[in-house]
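Novice: sequence plus predicted model, see below.
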Amino acid sequence: MSQTSKRMFGCIKFSKLRIQPIRLFKAEKRWAISVYEKTDENPKLVIFLKTENEGNDVMRQLKMKDSVLDVGEKNEKNLSCYLNSESKEEDVDLEMIRLFNYLSDLFNNKTVTVWIRPFRIATSHFLFSNLPFESCLFFKILGKETVLSNTLTSQLLDMLKPTIGVTLKCRVEKGFNQRSIFNLKRINVANAKWVTFDDLLNMNCERAFFKKHSFTQEDVKQFINHWMAGSNPKLMHLRLNCFKLEPNWEHILEGIEYNVWDEKENKKRPRNFQNHYIYSTEEIDCKNGLDFERKSDGMIGTVIHQSDQIDFVVWHDIQF
């Protein structure tokens, strides 16, 4: 990419590199675009857009069409694009669009994921209206210092239309009521007091993680019983934090026949459960999990308590 000649551009463009969705990040005073390969959890390239020079460790400069990028001495994968200190947010967004156009064409990938702070949503209409992406897989809203409103969430859902999931790692306003996210494959809510038991039963998610919720052991018991009766057929993994003490499994699984997993005697499911995310993979050790069968389809469910959380996983590819 450093040579940016038409020949070099063509070589990279048609090399069939397996690139993940291009990640866009909008924080308080920094914008960034990141490129990941399919086989690597670490970004291959990050371009930071800045409105003032924050250092002088430039090793060399690259020209990418009309943009000049500084390559630092410490990490050649991190590039910096400096804009005029008087630049407004729309000017920075315009530069981000230019860089996205170049990278998406170079790597033949127009899918995106978005990380954004709540207060940036209202001012990002220009960016998302002019960014020529084909689809947004998911977005993540970050920031403990501000409160996310229904209005801003609706705006972002309308602008990006995520196809896989939503992560809300921020506080939400009182009366927050965005039930449409429960129809996505993945949701992660850091402040889930607003999520109800009916939401759990009616969600179509494959993976759902809730922190700072109001659910009790009795809710877990009822949810498992509803699952045993056939609810939540798509569910692969439900995670509930805020359970510091070991749950009373005898009470939760009352009336359900369950087994303790044993590597030597019980090989009906593997020891580890894997969650495959867009940029990473999580492996959950289910050695101490309790297994039970849903009679209607033979599906195996496993519950396990580790640290301060309850994990309920479903082994869709394995049956008794």
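Specialist: Right, received. Where do you want to start?
Novice: and the closest residue to N177 other than its chain neighbours, its phi and psi?
Specialist: Excluding the flanking residues, the one nearest N177 by Cβ to Cβ, 6 or more residues apart in numbering is N150, at 6.2 Å. (Glycine included, C-beta is placed from N, CA and C.) The phi and psi values for N150, taken as degrees, to the nearest 10, are phi -60, psi -40.
Novice: so N150 sits right up against G175, yeah?
Specialist: Yes: taking contacts as Cβ atoms under 8 Å, N150 lies within contact range of G175: 7.3 Å.
Novice: among the two, which residue is more densely surrounded?
Specialist: Taking other Cβ atoms under 10 Å, N150 and G175 do not tie; N150 has more neighbours (13 against 8).
Novice: and the gap between that one and L157?
Specialist: Distance, N150 to L157, by Cβ to Cβ, to the nearest Å: 10 Å.
Novice: what touches both of the two?
Specialist: Among the neighbours of N150, those also in contact with L157 (Cβ atoms under 8 Å, 6 or more residues apart in numbering) are Q178.
Novice: picking that back up, how about the contacts made by the residue nearest to N177?
Specialist: Going by Cβ under 8 Å, 6+ apart, the list of residues near N150 reads 173, 175-178.
Novice: rebuild those as JSON lines, extending it with secondary structure, distance to D317 and pLDDT.
Specialist: Formatted as JSON lines, the contacts of N150 follow (DSSP: H, G, I helix; E, B strand; the rest coil; distance: Cβ to Cβ, whole Å; pLDDT from 0 to 100):
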{"residue": "E173", "secondary structure": "coil", "distance to D317": "40", "pLDDT": "95"}
{"residue": "G175", "secondary structure": "coil", "distance to D317": "40", "pLDDT": "93"}
{"residue": "F176", "secondary structure": "coil", "distance to D317": "35", "pLDDT": "95"}
{"residue": "N177", "secondary structure": "coil", "distance to D317": "35", "pLDDT": "94"}
{"residue": "Q178", "secondary structure": "coil", "distance to D317": "32", "pLDDT": "95"}
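Novice: give me the buried subset of those residues.
Specialist: With burial judged by 16 or more other Cβ atoms under 10 Å, the buried subset of the contacts of N150 is 176, 178.
Novice: how about CSV for the contacts of N150, with distance to S214 added?
Specialist: Output for these, formatted as CSV (distance: Cβ to Cβ, whole Å):
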residue, distance to S214
E173, 17
G175, 15
F176, 14
N177, 15
Q178, 17
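Novice: so which of the contacts of N150 is the closest to L24?
Specialist: Nearest to L24, judged by Cβ to Cβ, of the contacts of N150 is Q178 at 21.2 Å.
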